[in-house]
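Novice: what follows is a predicted protein model with its sequence.
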Amino acid sequence: MKCFYHTDADAVGICKSCSKGLCPACAVDMNQGIACKGRCESQVANLIALVNSNVKMAPVVRNGLRLSAIFLLILGMIFLATCNISGHIVMFNIYAGGTFLLFGVINLIRVMKSSK
């Protein structure tokens, strides 16, 4: 691959922002990627900061998803436990309880798979 700005020079990498091939004269090393010198440095710095922030937030998000799965499971059990009111079967409670349980189980499985 050739440099986007110097077509006679071989590219040493690709800009993390604009994906253009860059030669050593056009590339700026940003430690976690390279950027076009004088053009994409701030965008690449923002991308790196965003990725680092997402990596730090992953455990918090996983905990929130785990709590929401447990909430759905409890809600499903409550609906199913109250499906027989004064001798009459309430179908809405059965359907809602089953749906909440299903989504709770699906979310719990997804959280457990993402923790590996």
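Specialist: In hand now; what should we look at?

Novice: in the protein, where is pLDDT below threshold?
Specialist: Scanning the chain for pLDDT under 70 picks out 116.

Novice: need the contact partners of stretch 23-43.
Specialist: Stretch 23-43 has contacts (CB atoms under 8 Å, 6 or more residues apart in numbering) with 3-6, 9-18, 20, 22, 44-45, 47-48, 51. C-beta: built from backbone N, CA, C; applies to glycine.

Novice: just the terminal-to-terminal distance for it.
Specialist: 19 Å (CA to CA, to the nearest Å).

Novice: what strand or helix carries N31?
Specialist: Counting by DSSP states H and E, no helix or strand carries N31.

Novice: re earlier: in PyMOL, select just the buried ones from the contacts of stretch 23-43.
Specialist: Here is the PyMOL selection string for the buried members of the contacts of stretch 23-43, based on 16 or more other CB atoms under 10 Å:
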select buried, resi 3+4+5+9+11+13+14+15+16+17+20+22+44+45+47+48
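
Novice: out of the contacts of stretch 23-43, which sit inside helices?
Specialist: Counting by DSSP state H, the members of the contacts of stretch 23-43 that fall within helices are 44-45, 47-48, 51.

Novice: would you list every one of the strands in this structure?
Specialist: Secondary structure of the chain (DSSP state E): strands at 13-14, 21-22, 27-29, 34-36, 84-85, 88-89.

Novice: turn those strands into CSV, columns for distance to R110.
Specialist: Shown next, in CSV, are the strands of the chain (distance: least, CB to CB, whole Å):
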stretch, distance to R110
strand 13-14, 33
strand 21-22, 38
strand 27-29, 37
strand 34-36, 35
strand 84-85, 32
strand 88-89, 32
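
Novice: among those strands, which comes closest to L108?
Specialist: L108 lies closest to strand 84-85 among the strands of the chain, at 26.6 Å (CB to CB).

Novice: ok, residues contacting the closest one?
Specialist: 90, 93.

Novice: run me through the strand neighbours of that strand, direction for each.
Specialist: Sheet pairing for strand 84-85, assigned by DSSP bridges, gives strand 88-89 (antiparallel).

Novice: distance from the chain centre to the partner strand, please.
Specialist: Mean-position distance between strand 88-89 and its chain equals 43 Å (CA atoms, centre = their mean, to the nearest Å).
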